[in-house]
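K.L.:
Please find the sequence and the predicted model below.
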Amino acid sequence: MAKIGLVGGLGPESTIDYYQSIISGYQEKHRSNKVLPHLVINSIDMYQVFAFIEEKNTQGLIDYLTKAVNELEAAGANIAAISANTPHIVFDQVNQQTRLPMISIVEETVKVVRQHNLNRVGLIGTRFTMENEFFIKPFQAAGIHAIVPTATEQALIHEKTVEELENGIVNQDTKKLFLDIIKRMEDEDHIEGLILGCTEHPMLLKPADTTLPLFNTTAIHVTALVNQLD
């Protein structure tokens, strides 16, 4: 049986979601609650990742994540994934320096959005995800416009994501703030769907909250990982 290796802790709340969702997805696949997947988690420091990005220390971030993936290999994993969107800013470089096959949350999200035949989708996440192009370029290559909020909106989303959601805090005022931004993007940017480009965002935003299709990157990533298991 394949063993999944997760680089976790990015943040801890979503790592718990990954763990539970992989187990439930695997059991659903096998139509039995008497089976469990082989899984190993290497929980690293989310704030160290943010520091590397803030300091524009790309090589430091690559080395940090590469070491984490290599430790998963040493623990017996034969498939790896980074359980967060933001660190995918250096996914390609890490993938080139590790031997384990890695499943990209960005590539898997592009595949799912393409199936919905949308032309314009909104993208929210941490500031690092919204202001860089590691998400936007793959969508452009697929013929889809990925549109981010304004700079002011990005700052608000980032603050609430890091200060609240990363710490497991779900605030209804924050939910209203996010929904107001999404509605503006729908009205002014003409988005046809929304990518929840932070693995904590599904804690706050649910499909019933908006008429737009929501693309839960955690769920998309988990499905791709479960599909790798026997």
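P.N.:
Now that the structure is in, tell me what you want to look at.

K.L.:
where exactly do the helices run in the chain?
P.N.:
Ranges of helices in the chain, per DSSP state H, are 12-30, 46-54, 58-74, 91-97, 105-115, 127-131, 136-141, 151-163, 172-184, 217-226.

K.L.:
Tell me which of those helices sits most buried.
P.N.:
Highest mean neighbour count among the helices of the chain (mean count of other C-beta atoms under 10 Å): helix 217-226, with a mean of 22. For the C-beta atoms, the positions are set from N, CA and C on the backbone; glycine is no exception.

K.L.:
That helix - what's its average pLDDT?
P.N.:
Within the predicted structure, the mean pLDDT of helix 217-226 is 97.

K.L.:
and the angle from that helix to helix 105-115?
P.N.:
Relative orientation of helix 217-226 versus helix 105-115 (axes from the mean of the first three to the mean of the last three C-alpha atoms, to 10 degrees): 100 degrees.

K.L.:
oh, and call the first residue 756 from now on, that's how I've got it
P.N.:
That works, and once the first residue is 756, the last one we named lands at helix 972-981.

K.L.:
relative to helix 767-785, how tilted is helix 972-981?
P.N.:
Using the same axes, to 10 degrees: helix 972-981 against helix 767-785 is 40 degrees.

K.L.:
list the contacts for the spatially most central residue of the chain?
P.N.:
Centroid-nearest residue in the chain, with C-alpha atoms, centre = their mean: residue 840, separated by 3.5 Å. Contacts for residue 840 (C-beta atoms under 8 Å, 6 or more residues apart in numbering) come out as 860-861, 880-881, 884, 890, 952-954, 972.

K.L.:
same deal with residue 819?
P.N.:
Contacts for residue 819 (C-beta under 8 Å, 6+ apart) come out as 799, 803-804, 807.

K.L.:
Return the member of those nearest to residue 770.
P.N.:
residue 799 (10.0 Å; C-beta to C-beta).

K.L.:
Show the pLDDT at the closest one.
P.N.:
98.

K.L.:
Domain boundaries for the protein, per the record?
P.N.:
Domain segmentation of the chain under automatic domain parsing yields 758-859+974-981, 861-971.

K.L.:
now stretch 844-860, how far from the chain's geometric center?
P.N.:
Centre-to-centre, stretch 844-860 and its host chain are 14 Å apart (C-alpha atoms, centre = their mean, to the nearest Å).

K.L.:
Now it - C-alpha only, PDB.
P.N.:
Extracted C-alpha coordinates of stretch 844-860, given in PDB (Å, rounded to 0.1, in the frame of the first residue of the first chain):
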ATOM      1  CA  ILE A 844       5.200  29.400  -4.200                       C
ATOM      2  CA  VAL A 845       8.400  27.200  -4.500                       C
ATOM      3  CA  PHE A 846       6.700  23.900  -5.300                       C
ATOM      4  CA  ASP A 847       8.500  23.400  -8.600                       C
ATOM      5  CA  GLN A 848      11.900  24.000  -7.000                       C
ATOM      6  CA  VAL A 849      11.200  21.600  -4.100                       C
ATOM      7  CA  ASN A 850       9.800  19.000  -6.500                       C
ATOM      8  CA  GLN A 851      13.000  19.100  -8.500                       C
ATOM      9  CA  GLN A 852      15.200  18.500  -5.400                       C
ATOM     10  CA  THR A 853      13.300  15.600  -3.900                       C
ATOM     11  CA  ARG A 854      12.800  12.000  -5.000                       C
ATOM     12  CA  LEU A 855       9.300  11.500  -3.800                       C
ATOM     13  CA  PRO A 856       6.500  12.200  -6.300                       C
ATOM     14  CA  MET A 857       4.600  15.300  -5.100                       C
ATOM     15  CA  ILE A 858       1.000  16.200  -5.700                       C
ATOM     16  CA  SER A 859       0.500  19.900  -6.300                       C
ATOM     17  CA  ILE A 860      -2.600  21.600  -4.800                       C
END
